[in-house]
Structures are given as structure tokens and as C-alpha cells.
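A.B. asks: have a look at this prediction, sequence included:
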Protein chains: 2
Amino acid sequence: MTGMLIGVGLGPGDPDLMTLRAARVIGAAEVVAYPTLPGTDSFARSIAADLIRPDADEIVIEVPMTKAREPAQAAYEVGAERIAAALEAGRDVAVLCEGDPFFYGSFMYLHSRLAERFPVTVIPGITSVSAATAGALRPLVARNEVLTVLPGPIDSAMLASKVEQAEAVVIMKVGRHLSRIRDVLDQLGLAEQAIYVERATLDAERILPLAEAPDPAPYFSLILVTKGSDPWL
Amino acid sequence: MTGMLIGVGLGPGDPDLMTLRAARVIGAAEVVAYPTLPGTDSFARSIAADLIRPDADEIVIEVPMTKAREPAQAAYEVGAERIAAALEAGRDVAVLCEGDPFFYGSFMYLHSRLAERFPVTVIPGITSVSAATAGALRPLVARNEVLTVLPGPIDSAMLASKVEQAEAVVIMKVGRHLSRIRDVLDQLGLAEQAIYVERATLDAERILPLAEAPDPAPYFSLILVTKGSDPWL
């Protein structure tokens, strides 16, 4: 009997936004695994810290942040094999995932390497999108509206085209792309109603009109653009 | 001092996928409000049932399901005024919302009527999109992929155009539009990899290849289309 690979969505950062199931699974886990940047504390682990058993084995996956993909992928390769060893020994492994595991989550790099060899369960989590709209008190989509979610790094022409074609847009991973994104929204006449959200639900959360956003922005920031003026009435 | 309007996201249906905060807020609420179809039990209330205090006042908003918008909007108008009366009396009101309050949620119809008059807090919830991808074990978006979420009722030409332009697509509120949507995906060569998810996380959950989906489908069903073959490796 092999163990179960469990991708545990932890939500956007405030531990209070974990699901009841995620909290229970982490509290029971004998083995937890999570990624971290070398030399820093793991954000995922910090969300779950109060629930992790003192005697739990922790598999730390140090993922370098480089422009080339290979070093990060090599790190996930090593991490996946350490997780596989625990699973083969019949132990369940709870992988701690910020947000939702299958929504721009690093869990996918482990899932793709392990899903054919081991049973898998995924516990969904609150996305930063839901957290940001709640924090900003900004309804996202209603009725027959279309939502597009896009990563900040995509090129400006594609960004402009996507933004024009949807009623609501969320731009993720803003970071150093902030001023370029702001220019695109400005040209579309949408910059004024855009909202910048940084580190949603954490103590350091900032919610600002886009015009007042810091440039460059941190990686964990997003921009909300909604076009409707109460279309749901 | 007026009370606080609290939009409480309950997640997709399994009470275990409520957040810790949602569970705590409901357990403490003296007044809860929720929509229901006339003559049926409220789905939102059923998710929270075990947590609602026996002595809580319950504001039931009976929303007729008609093609015309006016009857439903009139019902929200009446419901909003009943909630307003409680808020004006200084009582907090927890509005029970399936999924996430600001993601195709009926809470928006109350929020739009009350947000200028009363303080508001929104607790985000797990969306049916996250629940469906977790249940189907289907990663949604990674890296620089674009996600589009669209409602099933939009017309076929727009549907085809949106599906072509995104790496991942979720089609919500499938219902009686199922066969038309299937035809569109078929013409794009995407029907085979599409997944049908009905009542995600409930006992009656069904996850099937699109070809095997019931027609017409129930309202609470969606279709997942992902195009990548492990783009994250």
C-alpha cells in the first residue's frame, strides 16, 4: 500500500481562510512538503504553521528563482523523488500550497511528476482572486459576464486584446510589469477604475487605486478591472 | 450604530470546504439571510445548516426563477429591505452565499442595494471552478497561461472565439445549453478532452468525459477545457 499525495490549498495567506478540511488534514499529517526560496521562510509553511504537528517530517523543496526554467524544474524533480520515497513507504504526504493547488500553483510541478505513480487528492483553496475582490469589496462577475485571468508577463498587445474582450479582468503576478500594464489600461480608458491589490488578506495587505500602486510591485500582487456599473440590477 | 452586512462564502457545497472564518461567523450569527427558490430548501442554508444557531433569526429571500429579470429583482428588493431593517437595529446580518459571494453570486444583488448605506465585509469562498478542477484532478492554469470563465448561455460564435483564445476555459451554468456547447467544442476539436462536472463536492457529484454528460444538464454544472499537455514541465 502506497501513501496518498494530498495537495492542500491553504488560501491566500490568512490562516483563517483555510478550509475546515485543509486544517484537519494538516493537523493529522505525519509528512508535510512545501516549496521555499533558498534562504527564506516558506510562505506556504507560514500559513499552516500553527497546525503542523511538532513531530511531522518536513520535506523542504528549495526552488531557485531564476529566469531559466531548468534549475527550478530540477529542484521539483528532487523534491518529487523525496515525496515518492515517503509515498512508497506507505506514508501520506500533505503538500502545502498557497491559494488553490491547480490555479497557478507550484503543486502542479509535483503533481505532473507523481500523479501516474500514486493516488492523489486535491483540497481546493481560496484563490488570491477571490481574496482580492472580497478585500476590495469589488464584485467580479455576475449574470452572463465573461472573466479573463491573465498573467502580467504576457505581451502588451495580447493583454490589450484580452482586456477589451472581457467584462472583468484579473491580471496576476504584476511585479515589475506594473507600469507597462498601467499604460495598456490607460490607453483603453480603464486605468481609473482599476484596483491594485498586494498581499491580499495578510497584515501587509494594500488595496489602492492603480494610479497609486508602487512600481515595481511585489510578485504577489494583482490588478482588478471590472467594467460594469451595477450590471446586476 | 448600524450592524454589519457580512457576505459569507460557503464554498461549493461540502460543508467541509467552508473556511474557518465562515464557520465561525455563521456559528456566532444572530441573524442569517439566504435566497431560496419558492417551495424548495435553500442550497446555501443546507451547506451551513449544522452551524446555524437554533435561536438565529432567519431572513428567507424567495427568488422566483423566471426568464424576465423583474420578478427576481423585486424579490431582492424586498429581501434587501428586510436586511436593512435588521442592520438599522444594530444587528449584524450574515448572508449565506454558495461558492464565492462576488463570483456569479446572488449576494451581489443585495450588496448593490445595501453597500452605500451600511458597512460591509465579504468572506471569500471556494468557487465551483476550484472544486471542479480538484475533483477532476485537472490542473487549470500554470505559468503564463490565460484562463477564461464564461457562462453557458452566451452565443455560440462568442463562445467559440473565447475558447480558441485561451489556454484554459471553464464554462459555467451549462444546463440546457449542453448540446450546443458540445457542438462548439467538437468543431474546435476540443470536445474529447473536455470534462463535465455536476454538483462538485456534493454526494450527487458527477465527473464525466463531456461525451457522456446528461443532456440537458442541471443548472449547477460546468465544463472544463484545458489544452496543455503538461506545459509546466
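C.D. replies: Looks like it arrived, so ask away.
A.B. asks: what's the longest helix belonging to chain A packed up against?
C.D. replies: Longest among the helix segments of chain A by residue count, using DSSP state H, is helix A:70-88. For helix A:70-88, the packing partners by 3 or more Cβ pairs under 8 Å, 6 or more residues apart in numbering or on different chains; DSSP states H and E come out as strand A:31-36, strand A:57-62, strand A:93-97, helix A:107-114. Placement of C-beta: from N, CA and C, glycine included.
A.B. asks: quick check: phi and psi at the most centrally placed residue in chain A.
C.D. replies: In chain A, the residue lying closest to the centroid (Cα atoms, centre = their mean) is A:Gly99, at 4.4 Å. Dihedral pair for A:Gly99: phi 60, psi -130, per degrees, to the nearest 10.
A.B. asks: shouldn't it be in contact with A:Gly7?
C.D. replies: No - if you go by Cβ atoms under 8 Å, A:Gly99 and A:Gly7 don't touch, sitting 11.2 Å apart.
A.B. asks: find residues that contact each of those two.
C.D. replies: Counting by Cβ atoms under 8 Å, 6 or more residues apart in numbering or on different chains, the common neighbours of A:Gly99 and A:Gly7 are A:Gly105.
A.B. asks: quick one: contacts of the longest helix of chain A?
C.D. replies: A:2-5, A:31, A:33, A:35, A:57, A:59, A:61-66, A:93, A:95, A:106, A:109-110, A:113-114, A:117-118, B:233.
A.B. asks: what about the strands in chain A?
C.D. replies: Counting by DSSP state E, one finds strands in chain A at the ranges A:5-9, A:31-36, A:57-62, A:93-97, A:120-123, A:147-151, A:168-172, A:195-198, A:206-209, A:221-226.
A.B. asks: can you confirm whether the fifth one lies near chain B?
C.D. replies: Pointing back at strand A:120-123 there. Yes - using Cβ under 8 Å from any Cβ of the partner chain, strand A:120-123 reaches chain B at A:120, A:122-123.
A.B. asks: need the contact partners of that strand.
C.D. replies: Taking Cβ under 8 Å, 6+ apart as the rule, strand A:120-123 contacts A:4-9, A:19, A:21-22, A:25, A:101-102, A:107, A:111, A:114, B:17, B:133-135, B:137.
A.B. asks: likewise for the last one?
C.D. replies: Contact partners of strand A:221-226, identified using Cβ under 8 Å, 6+ apart, comprise A:128-129, A:132-133, A:136, A:138-140, A:152, A:163, A:167-175, A:178, A:181, A:185, A:190, A:193-200, A:210, A:213.
A.B. asks: switch the cut-off to 6 Å
C.D. replies: A:132, A:138, A:168-172, A:174, A:190, A:194-198 (Cβ atoms under 6 Å, 6 or more residues apart in numbering or on different chains).
A.B. asks: up against chain B, what does chain A have?
C.D. replies: For chain A, the contact set with chain B under Cβ under 6 Å from any Cβ of the partner chain comprises A:16-21, A:100, A:102-104, A:108-109, A:112, A:120, A:122, A:124, A:126, A:130-131, A:133-134, A:137, A:139-142, A:144, A:146-151, A:153-154, A:230, A:232-233.
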